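Undergrad: dropping the sequence and predicted coords here.
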Amino acid sequence: MASPDPGHTPAQGEESASPSSWPPRKLQSFTPGLWSQYKAYEDAVVENIKGTIADALVLVREHQAEAIGCATVAGFILFRGPRRFLYRNTFGRLKTEKDLLNDAEQSMMEYQTSIQNLKKESKYTLDKVAIGLMDRLRTIPTRQSLELRAEVASMASDLKNQRCALQERINKISEYGVRV
C-alpha cells in the first residue's frame, strides 16, 4: 500500500513525531558550522592580541620614561606590601588619635575573643582526650593499666594545676593595667 501523501514517508513521520530524537540531530547539523566559527573567532582574537601587544611594545620603546612611571605606579597599586605602606603613610596619617585608638581597641577585642575561644577549645579537647584515655584504660584489667591510670590521673591534675597557675598570672598581669 502506498502512503496517502507521496512526499511524506513513514520514517519521516516517525522522526517528527518523537520529540526526543530531533534536538540531537539538530545539534549535529550545527556542529560543523559552530566549530569553524569558533576557530575563526579564536584566530581573530589571537591576531588582535598580537597586534595590541606589538603596538604596546612600540609605544613603550618610544616613551620609556612614561612607561617606567606607569609600571612603578602599577606596582605600588597592585602589590599588597607597597599598597599597605602607601595607605599607612598617607591616609593613615589623616586619622585622628581617637580613630587610631578605636581601631586598636577593636583589634584587641577581636584578639581577646579569639584567644578565649582557643582556650575553651584546648581545655575541652584536653579533657576529652584524658577522659577517653581513662575509659580505655579501665577496660584493661592488669597491673600496668592501673599504673597507667594513675599516671594519666596525675597528668590531668597537673594540667589542672597549670591552668590555675596560668589564670593567676593572667590576673596579676591584668592588675597592672595591661589587658590580657
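TA: Yes, it's here.

Undergrad: can you give me the helices in the protein?
TA: Taking DSSP state H as the criterion, the chain carries its helices at 10-17, 22-62, 64-78, 80-90, 97-138, 143-175.

Undergrad: tell me what angle the fifth one forms with helix 143-175.
TA: Between the axis of helix 97-138 and that of helix 143-175 there is an angle of 170 degrees, by axes from the mean of the first three to the mean of the last three Cα atoms, to 10 degrees.

Undergrad: likewise the second one?
TA: Relative orientation of helix 22-62 with respect to helix 143-175: 50 degrees, computed using the same axes, to 10 degrees.

Undergrad: run the angle between helix 22-62 and helix 64-78 for me.
TA: Using the same axes, to 10 degrees, helix 22-62 lies at 130 degrees relative to helix 64-78.

Undergrad: can you lay out the helices of the chain as JSON lines showing mean neighbour count?
TA: Using the backbone N, CA and C atoms, a C-beta is placed for each residue, glycine as well. Supplementary listing: those in JSON lines, determined by neighbours: other Cβ atoms under 10 Å:
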{"stretch": "helix 10-17", "mean neighbour count": "10"}
{"stretch": "helix 22-62", "mean neighbour count": "10"}
{"stretch": "helix 64-78", "mean neighbour count": "11"}
{"stretch": "helix 80-90", "mean neighbour count": "11"}
{"stretch": "helix 97-138", "mean neighbour count": "11"}
{"stretch": "helix 143-175", "mean neighbour count": "12"}
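
Undergrad: how about those helices in CSV, adding mean pLDDT?
TA: Converted to CSV, the helices of the chain look like this (pLDDT from 0 to 100):
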stretch, mean pLDDT
helix 10-17, 48
helix 22-62, 83
helix 64-78, 89
helix 80-90, 85
helix 97-138, 81
helix 143-175, 81
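
Undergrad: how close does residue 36 sit to residue 30?
TA: 11 Å (Cβ to Cβ, to the nearest Å).

Undergrad: show me the contacts for the residue nearest the centre of the chain.
TA: Residue closest to the average C-alpha location in the chain (Cα atoms, centre = their mean): residue 80, at 17.0 Å. By Cβ atoms under 8 Å, 6 or more residues apart in numbering, the contact list for residue 80 is empty.
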